[in-house]
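Colleague: this one's sequence-less:
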(Lines give C-alpha, C1' and ligand atoms only; values in the text may rest on other atoms or scores of the structure.)
Protein backbone atom coordinates (compact mmCIF):
# COMPACT_ATOMS: atom_id res chain seq x y z
CA UNK A 1 0.00 0.00 0.00
CA UNK A 2 1.21 3.48 -0.86
CA UNK A 3 0.19 6.88 0.49
CA UNK A 4 -1.50 7.81 -2.79
CA UNK A 5 -3.65 4.65 -2.57
CA UNK A 6 -5.18 5.46 0.83
CA UNK A 7 -8.95 6.00 0.68
CA UNK A 8 -11.73 6.36 3.26
CA UNK A 9 -13.85 3.29 3.90
CA UNK A 10 -16.91 2.96 1.72
CA UNK A 11 -19.74 5.03 3.26
CA UNK A 12 -17.47 6.73 5.83
CA UNK A 13 -17.91 10.19 4.26
CA UNK A 14 -21.41 11.33 3.36
CA UNK A 15 -21.65 14.07 0.75
CA UNK A 16 -23.60 17.15 1.74
CA UNK A 17 -27.07 17.74 0.29
CA UNK A 18 -26.98 20.37 -2.45
CA UNK A 19 -30.25 22.23 -2.02
CA UNK A 20 -32.07 24.27 -4.64
CA UNK A 21 -30.91 22.24 -7.67
CA UNK A 22 -34.24 21.44 -9.34
CA UNK A 23 -37.40 19.63 -8.24
CA UNK A 24 -36.04 16.22 -9.26
CA UNK A 25 -33.40 16.37 -6.52
CA UNK A 26 -35.99 16.24 -3.72
CA UNK A 27 -34.60 19.46 -2.21
CA UNK A 28 -35.32 21.84 -5.06
CA UNK A 29 -37.45 24.98 -5.37
CA UNK A 30 -37.75 26.07 -1.69
CA UNK A 31 -34.61 24.16 -0.64
CA UNK A 32 -36.12 22.54 2.46
CA UNK A 33 -37.25 25.86 3.96
CA UNK A 34 -40.98 25.42 3.41
CA UNK A 35 -42.98 28.27 1.91
CA UNK A 36 -43.18 31.97 2.71
CA UNK A 37 -42.59 33.63 6.06
CA UNK A 38 -39.60 35.21 7.71
CA UNK A 39 -37.68 31.95 8.16
CA UNK A 40 -37.84 31.09 4.47
CA UNK A 41 -35.82 34.18 3.65
CA UNK A 42 -32.15 34.99 4.21
CA UNK A 43 -30.79 37.11 7.06
CA UNK A 44 -33.07 35.73 9.80
CA UNK A 45 -31.90 36.36 13.38
CA UNK A 46 -34.80 35.55 15.72
CA UNK A 47 -33.17 33.27 18.31
CA UNK A 48 -34.74 34.87 21.39
CA UNK A 49 -37.88 36.22 19.70
CA UNK A 50 -41.21 35.29 21.34
CA UNK A 51 -43.75 36.78 18.96
CA UNK A 52 -43.55 40.27 20.44
CA UNK A 53 -43.86 39.10 24.06
CA UNK A 54 -40.94 40.18 26.25
CA UNK A 55 -38.37 37.38 25.86
CA UNK A 56 -37.57 35.25 28.90
CA UNK A 57 -33.93 36.33 28.98
CA UNK A 58 -35.11 39.92 29.42
CA UNK A 59 -37.92 39.09 31.87
CA UNK A 60 -35.71 37.28 34.38
CA UNK A 61 -33.56 39.33 36.79
CA UNK A 62 -29.83 39.46 36.30
CA UNK A 63 -27.72 38.47 39.30
CA UNK A 64 -24.08 38.41 40.28
CA UNK A 65 -20.97 40.19 39.20
CA UNK A 66 -17.88 39.10 37.29
CA UNK A 67 -14.85 41.15 38.27
CA UNK A 68 -13.11 42.35 35.09
CA UNK A 69 -9.58 41.89 36.49
CA UNK A 70 -9.97 38.63 38.43
CA UNK A 71 -6.85 36.47 38.78
CA UNK A 72 -6.89 33.14 36.94
CA UNK A 73 -4.80 30.64 38.90
CA UNK A 74 -3.74 27.10 38.02
CA UNK A 75 -5.04 24.86 40.80
CA UNK A 76 -2.76 21.91 41.55
CA UNK A 77 -3.30 19.24 44.21
CA UNK A 78 -0.40 17.97 46.32
CA UNK A 79 -1.02 14.42 45.06
CA UNK A 80 -0.39 15.55 41.47
CA UNK A 81 2.95 17.11 42.49
CA UNK A 82 3.97 13.89 44.29
CA UNK A 83 3.16 11.87 41.12
CA UNK A 84 5.41 14.20 39.08
CA UNK A 85 8.26 13.73 41.60
CA UNK A 86 7.85 9.92 41.57
CA UNK A 87 7.92 9.96 37.74
CA UNK A 88 11.16 12.00 37.82
CA UNK A 89 9.64 14.99 36.03
CA UNK A 90 10.01 17.33 39.01
CA UNK A 91 13.27 17.83 40.92
CA UNK A 92 12.69 17.73 44.69
CA UNK A 93 15.87 19.73 45.39
CA UNK A 94 14.65 22.74 43.35
CA UNK A 95 11.90 25.10 44.60
CA UNK A 96 8.44 24.40 43.15
CA UNK A 97 7.40 27.42 41.07
CA UNK A 98 5.06 28.05 38.14
CA UNK A 99 7.98 27.68 35.72
CA UNK A 100 9.09 24.30 37.12
CA UNK A 101 5.51 22.97 37.06
CA UNK A 102 5.09 24.04 33.41
CA UNK A 103 8.42 22.43 32.50
CA UNK A 104 7.35 19.21 34.28
CA UNK A 105 4.03 19.18 32.41
CA UNK A 106 1.92 19.43 35.59
CA UNK A 107 0.27 22.62 34.30
CA UNK A 108 -0.02 23.61 30.63
CA UNK A 109 0.47 27.40 30.88
CA UNK A 110 1.55 29.82 33.62
CA UNK A 111 -1.63 31.98 33.79
CA UNK A 112 -1.54 34.25 36.88
CA UNK A 113 0.34 31.74 39.04
CA UNK A 114 -0.30 28.49 40.89
CA UNK A 115 -2.51 27.80 43.88
CA UNK A 116 -1.75 24.59 45.77
CA UNK A 117 -4.69 22.54 47.06
CA UNK A 118 -4.48 19.86 49.73
CA UNK A 119 -5.90 16.73 48.08
CA UNK A 120 -3.54 13.76 47.95
CA UNK A 121 -0.47 12.90 49.99
CA UNK A 122 2.88 14.70 49.88
CA UNK A 123 5.89 12.62 50.98
CA UNK A 124 8.73 14.74 49.56
CA UNK A 125 10.30 17.68 51.39
CA UNK A 126 9.73 20.60 48.99
CA UNK A 127 10.17 24.37 48.92
CA UNK A 128 7.13 26.03 47.35
CA UNK A 129 7.09 29.52 45.80
CA UNK A 130 3.48 29.91 44.69
CA UNK A 131 0.70 32.50 44.45
CA UNK A 132 -1.38 30.84 47.15
CA UNK A 133 -2.35 27.69 49.04
CA UNK A 134 -5.33 26.26 50.82
CA UNK A 135 -5.10 25.85 54.59
CA UNK A 136 -4.92 22.04 54.34
CA UNK A 137 -2.16 22.22 51.69
CA UNK A 138 -0.08 24.57 53.87
CA UNK A 139 -0.40 22.16 56.81
CA UNK A 140 0.55 19.15 54.64
CA UNK A 141 3.65 20.97 53.28
CA UNK A 142 4.80 21.88 56.83
CA UNK A 143 4.10 18.31 58.01
CA UNK A 144 6.28 16.87 55.20
CA UNK A 145 9.10 19.18 56.32
CA UNK A 146 8.85 21.55 53.38
CA UNK A 147 8.77 25.33 53.27
CA UNK A 148 6.19 27.67 51.79
CA UNK A 149 6.69 31.13 50.30
CA UNK A 150 3.49 32.83 49.15
CA UNK A 151 4.02 35.31 46.31
CA UNK A 152 1.67 38.26 45.80
CA UNK A 153 0.51 38.35 49.41
CA UNK A 154 -2.33 35.78 49.33
CA UNK A 155 -2.31 34.01 52.68
CA UNK A 156 -3.69 30.49 53.25
CA UNK A 157 -7.50 30.52 53.11
CA UNK A 158 -9.36 30.74 56.41
CA UNK A 159 -11.88 28.00 57.17
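Modeller: That came through fine. Remember, it's a predicted structure, so these values are computed and weren't measured experimentally. Numbering: from 1, shown residues only.

Colleague: quick one: average pLDDT of stretch 61-70?
Modeller: Averaged across stretch 61-70, pLDDT comes to 94.

Colleague: likewise for stretch 83-90?
Modeller: For stretch 83-90, the per-residue pLDDT averages 93.

Colleague: how long is it end to end?
Modeller: 9 Å (C-alpha to C-alpha, to the nearest Å).

Colleague: now it: buried residues?
Modeller: 84-85, 90 (16 or more other C-beta atoms under 10 Å). Every residue, glycine included, has its C-beta placed from N, CA and C.

Colleague: in helices, which of those residues fall?
Modeller: With helices taken from DSSP state H, the overlap with the buried residues of stretch 83-90 comprises 84-85.

Colleague: could I get the buried residues of stretch 83-90 as TSV with distance to residue 122?
Modeller: TSV is the format used below for these (distance: C-beta to C-beta, whole Å):
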residue	distance to residue 122
84	11
85	9
90	12
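
Colleague: now, which of the buried residues of stretch 83-90 sits nearest residue 141?
Modeller: Closest approach between the buried residues of stretch 83-90 and residue 141, by C-beta to C-beta: residue 85, at 13.3 Å.
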